[in-house]
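K.L.:
below is the structure, and that's it, no one-letter string:
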Ligand SMILES: [Cu+2]
């Protein structure tokens, strides 16, 4: 019976990480990431996607990077004096058990200084970095997307 105690302690130590907070990269799923197709020569584009948080605590996206662009920033679109403007945001929160949608006219990931022209259906590598230091890499296909400010009336 005396030998059982150390076994129990080891078992508890092994299961302990299960109770620790999960890394954002493990509990935040990325749904339908895609990159906006732009005309050849245009140096900027945007990535849209949905972030779904399956955990009981909020997580924050704080940065993104891609080999396709020199600079990648988190942005938000706002309407100001009838104009569509963009603002950089330092973080994008994904609420506990919630979903955050990055879509045209709202939050997006900005690709600045594209290194080469994007081709339709090309897979662009993208890495998301979360506030807890974890990160997630995926590929996003290039698709044609109309931005609300550019739609014909
Ligand atoms: Cu932007």
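P.N.:
That came through, no problem. All values reported here derive from a predicted model rather than from experimental measurement.
K.L.:
now residue 42: which helix or strand?
P.N.:
Assigned by DSSP states H and E, residue 42 belongs to no helix or strand.
K.L.:
same thing with the one 5 residues further on?
P.N.:
Secondary structure assignment for residue 47, by DSSP H and E: strand 44-53.
K.L.:
mind giving me the packing neighbours of that strand?
P.N.:
strand 28-36, strand 59-65, strand 92-94, strand 99-102, strand 107-114 (3 or more CB pairs under 8 Å, 6 or more residues apart in numbering; DSSP states H and E). C-beta here means a position set from N, CA and C on the backbone, and glycine is covered the same way.
K.L.:
quick one, that strand and strand 107-114 angle?
P.N.:
Per axes from the mean of the first three to the mean of the last three CA atoms, to 10 degrees, the angle that strand 44-53 makes with strand 107-114 is 150 degrees.
K.L.:
strand 44-53 vs strand 28-36, what angle?
P.N.:
160 degrees.
K.L.:
what comes up buried for whatever helix or strand residue 142 lives in?
P.N.:
Here residue 142 is covered by strand 135-143, with elements defined by DSSP H and E. Going by neighbour count (16 or more other CB atoms under 10 Å), the buried part of strand 135-143 is 135-136, 140, 142.
K.L.:
and which of those residues is nearest the ion?
P.N.:
residue 140 (15.6 Å; CB to the ion).
K.L.:
on that earlier part again, how about the buried residues of strand 135-143 in a markdown table, adding pLDDT and distance to residue 90?
P.N.:
Output for the buried residues of strand 135-143, formatted as a markdown table (pLDDT from 0 to 100; distance: CB to CB, whole Å):
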| residue | pLDDT | distance to residue 90 |
| --- | --- | --- |
| 135 | 97 | 17 |
| 136 | 97 | 19 |
| 140 | 98 | 22 |
| 142 | 98 | 27 |
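K.L.:
returning to that earlier point: helices or strands up against the strand holding residue 142?
P.N.:
strand 28-36, strand 123-130.
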